[in-house]
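Trainee: Have a look; sequence and predicted model below, questions after that.
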Amino acid sequence: MTESELENLTIAESSERIKSGELSPVELTDLFLQRVARLNPSVNAYTTVLADSARAEAKIAEQEIRSGNYRRVLHGIPISIKNNLATIEVRTTGGSKILADWKPDFDATVVAKLKAAGVINLGKTNMHEWALGGTTINPFFGTTRNPWDLARVPGGSSGGSAAAVPAGMVFALIAT
């Protein structure tokens, strides 16, 4: 699969292809991670990219699916999580310097349910500090840029989320 094919693929189409074995969760995850590596330096949608663990999760999902243990429609689908939702052992800052090094010892309920569904977490998306603003101009983790016009912001408080999807850095994500 090429990046241009990825740009026109939906979650539903990807899910069907993953279930049938036509598309590999590892291949899909790698394509998204390549886009993140290329685009995030200018867009700043992600504050934390989980490339190694995402690849490991994708390999597990692929093995499960190939062995007949397909869970449901999101199994093997890469997503991202807003940086104010607790994710076990992953830096979760709420967009604030105060929590710059916090790695929760638990998952938020929505994160736990997504993991149970078999999603692959690509990383945490940038946000306005404490989700209290409409710009995602963040003095600690940098400003998120609109992927269609880097002179503009995508809004907030979920600006990283609002930029990551249209930039094709992920299919979907959880924001607040």
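Mentor: Noted; the coordinates are in hand. Residues are numbered from 1 along each chain as shown.

Trainee: Going along the chain, name the helices of the protein.
Mentor: Using DSSP state H, the helices of the chain run over 3-7, 11-20, 25-43, 51-66, 109-117, 159-164.

Trainee: what's in contact with the second one?
Mentor: Think helix 11-20. 23-25, 28, 65, 70, 73-77, 171-172 (CB atoms under 8 Å, 6 or more residues apart in numbering). Placement of C-beta: from N, CA and C, glycine included.

Trainee: So which of those are in strands?
Mentor: Ala172 (DSSP state E).

Trainee: Mind putting the contacts of helix 11-20 into JSON lines with pLDDT and neighbour count?
Mentor: Putting the contacts of helix 11-20 into JSON lines (pLDDT from 0 to 100; neighbours: other CB atoms under 10 Å) gives the following:
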{"residue": "Leu23", "pLDDT": "95", "neighbour count": "20"}
{"residue": "Ser24", "pLDDT": "96", "neighbour count": "19"}
{"residue": "Pro25", "pLDDT": "97", "neighbour count": "27"}
{"residue": "Leu28", "pLDDT": "96", "neighbour count": "24"}
{"residue": "Ile65", "pLDDT": "98", "neighbour count": "20"}
{"residue": "Tyr70", "pLDDT": "97", "neighbour count": "17"}
{"residue": "Val73", "pLDDT": "96", "neighbour count": "16"}
{"residue": "Leu74", "pLDDT": "97", "neighbour count": "22"}
{"residue": "His75", "pLDDT": "98", "neighbour count": "20"}
{"residue": "Gly76", "pLDDT": "98", "neighbour count": "29"}
{"residue": "Ile77", "pLDDT": "98", "neighbour count": "24"}
{"residue": "Phe171", "pLDDT": "92", "neighbour count": "23"}
{"residue": "Ala172", "pLDDT": "94", "neighbour count": "16"}
